[in-house]
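J.: Next come a sequence and a model predicted from it.
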Amino acid sequence: MYCKNCGEAMNDNQAICLKCGVKVGDGNGFCANCGNALAPNADVCLNCGVAVKKVGANGDYLNGQDKIVIALICFFLGSIGIHNFILGETKKGIVKIVLSFCFGISVILMLIDFVKILTDKYVVDPNKAF
Ligand SMILES: [Zn+2]
Ligand SMILES: [Zn+2]
């Protein structure tokens, strides 16, 4: 295992990197599998081929939730913002509940989220209301 922040080799039982002090799994500059430096938006490590976990605005792509599960929840319950609450985006969820009284608007927002989740474009941001 390698530090994703600085690329330093680590033991599997280490909780933080002894070189840079960052928690294991934090950072996205280096491959955790081989320690190779990664391009900023790399999906896979070009050195070893391991998939790189995407990092969103709050540090975790879809908050670590399964993409298909979130997409389905978004599709069936998204117009009242359930997927936003699950992703920790309380503000967006509340806005969708309010908008659900104007049914058409929240369905449009839900479909936008649904497409973004499926196309890997969704970025979790608890600070935004839309
Ligand atoms: Zn480090
Ligand atoms: Zn690698």
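T.: Arrived safely, thanks for sending. Ligands and ions are numbered 1, 2, ... in the order given.
J.: How about the residues of the chain by ligand 2?
T.: Listed as neighbours of ligand 2 in the chain under the rule Cβ under 5 Å from the ion: 31, 33-34, 36, 45, 47-48, 50. No exception for glycine: its C-beta is placed from N, CA and C like everyone else's.
J.: top of those residues by neighbour count?
T.: Cys31 (22 neighbours; other Cβ atoms under 10 Å).
J.: name the helices or strands packed onto the top helix by length along the chain?
T.: Longest helix of the chain, by residue count under DSSP state H: helix 103-118. Counting by 3 or more Cβ pairs under 8 Å, 6 or more residues apart in numbering; DSSP states H and E, the packing neighbours recorded for helix 103-118 are helix 67-77, helix 82-86, helix 90-99.
J.: Distance of Leu62 relative to ligand 1?
T.: Using Cβ to the ion, to the nearest Å, Leu62 is found at 25 Å from ligand 1.
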